[in-house]
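Undergrad: coords please:
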Amino acid sequence: QVQLVESGGGLVQPGGSLRLSCTASGGTFSSWAVAWFRRAPGKERNFVARIGWAGFNRDYSDSVKGRFAISRDNAKDTVYLQMSSLKPEDTAVYYCAAGRYSSDPHEYNYWGQGTQVTVSS
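TA: As a prediction, this is how the structure comes out:
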């Protein structure tokens with residue numbers, strides 16, 4: 001049973017940067033694709049980025065492409081989401097998930113508890 005814990009969220013000004021981490025325990029993390037999703041207040045959960053088990057395949061939503069970068073270190077059982085040029089509309093709870101390489105949240109078996117990111121001046 002894989003357990004995921006997100007960290008790195010917080011309050012940042014527009015144009016700033018944050019790096020989120022998703023650390024796994026209790027399973028073969030390196031065999032799973034990992035994705036980040038986010039849920040803004042009053043809105044549905046949306047796909048943000050995904051990375052394949054080996055780190056070669058990556059994909060982003062149009063809203064974050066060119067600003068966010070996903071990476072992983074399987075030796076540390078950790079996936080990162082580097083977020084730059086942050087906008088107020090990036091404000092949301094960010095969740096990491098492990099499962100099949102997909103932008104569909106239903107393809108992911110394991111989820112973290114989420115970390116809040118607030119972009120505001």
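Undergrad: quick one: the strands in this protein?
TA: 3-7, 10-12, 18-25, 33-39, 45-51, 58-60, 68-73, 78-83, 92-99, 108-111, 115-119 (DSSP state E).
Undergrad: and the fifth one, what does it pack onto?
TA: Under the contact criterion of 3 or more C-beta pairs under 8 Å, 6 or more residues apart in numbering; DSSP states H and E, the helices and strands touching strand 45-51 comprise strand 33-39, strand 58-60, strand 68-73, strand 78-83. In this view, the C-beta of every residue, glycine as well, is placed from N, C-alpha and C.
Undergrad: give the contact list for the spatially most central residue of the chain.
TA: Nearest to the mean C-alpha position of the chain, counting by C-alpha atoms, centre = their mean, stands Trp36 at 2.7 Å. For Trp36, the contact set (C-beta atoms under 8 Å, 6 or more residues apart in numbering) comprises 20, 22, 48-50, 70, 79, 81, 94-97.
Undergrad: before we move on, the earlier item: export the strands of the chain to TSV and tack on mean pLDDT?
TA: Output for those, formatted as TSV (pLDDT from 0 to 100):
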stretch	mean pLDDT
strand 3-7	96
strand 10-12	98
strand 18-25	97
strand 33-39	98
strand 45-51	98
strand 58-60	98
strand 68-73	98
strand 78-83	98
strand 92-99	98
strand 108-111	96
strand 115-119	98
